[in-house]
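Student: generate coordinates for the sequence data below:
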Amino acid sequence: MVALLDTHAILWATLTPKELSPKARKVIADEANTLLVSSMSAWEISNKVRIGKLPEAEGLERSFLEFMAAAGYTVLPLSVDVALRAGRLLGDHRDPFDRMIAAQALALDIPVLSIDPKLDAFGIRRIW
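Tutor: Numbering: from 1, shown residues only. Prediction:
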């Protein structure tokens with residue numbers, strides 16, 4: 001299985017694994033799965049660390065690529081096509097980070113590991 005991790009799933013898997021659902025833990029633990037991380041998540045984490053909303057993630061933010069590599073995650077770059085798709089997604093959900101993650105999942109036709117039911121409005125497949 002190939003799946004895209006939502007930002008909170010990355011944070012929880014790295015910092016507080018007990019926050020993950022049993023199903024999410026199983027997907028993450030299965031080495032046969034390919035787990036992807038949006039570069040948008042790096043931006044979201046760095047923004048929240050900067051404004052003081054995620055002080056517990058300062059180490060993760062400073063060494064983001066190293067943490068992702070150690071976890072076996074593949075970081076996805078943002079493309080213009082995906083950025084345009086994110087902007088065109090219908091719905092009232094205004095969070096640009098969620099819109100980009102949803103657009104990447106739709107473009108790749110893969111599920112998102114996320115607790116957030118608001119993503120469902122974009123027509124993604126969500127695992128939690």
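
Student: C-alpha only now, for contacts and for neighbours.
Tutor: Noted.

Student: show me the strands in the protein, by range?
Tutor: Taking DSSP state E, the strands of the chain run over residues 2-5, 34-38, 74-76, 112-113, 126-127.

Student: show residues contacting the longest one.
Tutor: Here strand 34-38 makes contact (CA atoms under 8 Å, 6 or more residues apart in numbering) with 1-7, 10, 28, 72-78, 101, 104.

Student: could you dump the strands of the chain to a markdown table with mean neighbour count?
Tutor: Shown next, in a markdown table, are the strands of the chain (neighbours: other CA atoms under 10 Å):
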| stretch | mean neighbour count |
| --- | --- |
| strand 2-5 | 23 |
| strand 34-38 | 21 |
| strand 74-76 | 16 |
| strand 112-113 | 28 |
| strand 126-127 | 19 |
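
Student: any chance of those strands in TSV, plus mean pLDDT and distance to Ser63?
Tutor: Below are the strands of the chain laid out as TSV (pLDDT from 0 to 100; distance: least, CA to CA, whole Å):
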stretch	mean pLDDT	distance to Ser63
strand 2-5	98	18
strand 34-38	98	15
strand 74-76	97	13
strand 112-113	98	22
strand 126-127	98	27
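
Student: columns distance to Leu65 on top of the ones you listed, output as CSV?
Tutor: Shown next, in CSV, are the strands of the chain (distance: least, CA to CA, whole Å):
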stretch, distance to Leu65
strand 2-5, 15
strand 34-38, 10
strand 74-76, 8
strand 112-113, 19
strand 126-127, 24
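
Student: which parts of this structure are helices?
Tutor: Along the chain, counting by DSSP state H, helices occupy 7-15, 22-29, 39-50, 58-62, 64-71, 80-88, 96-108.

Student: just those: most buried one?
Tutor: Each of the helices of the chain was scored by mean neighbour count; the highest is helix 96-108, a mean of 21, by mean count of other CA atoms under 10 Å.
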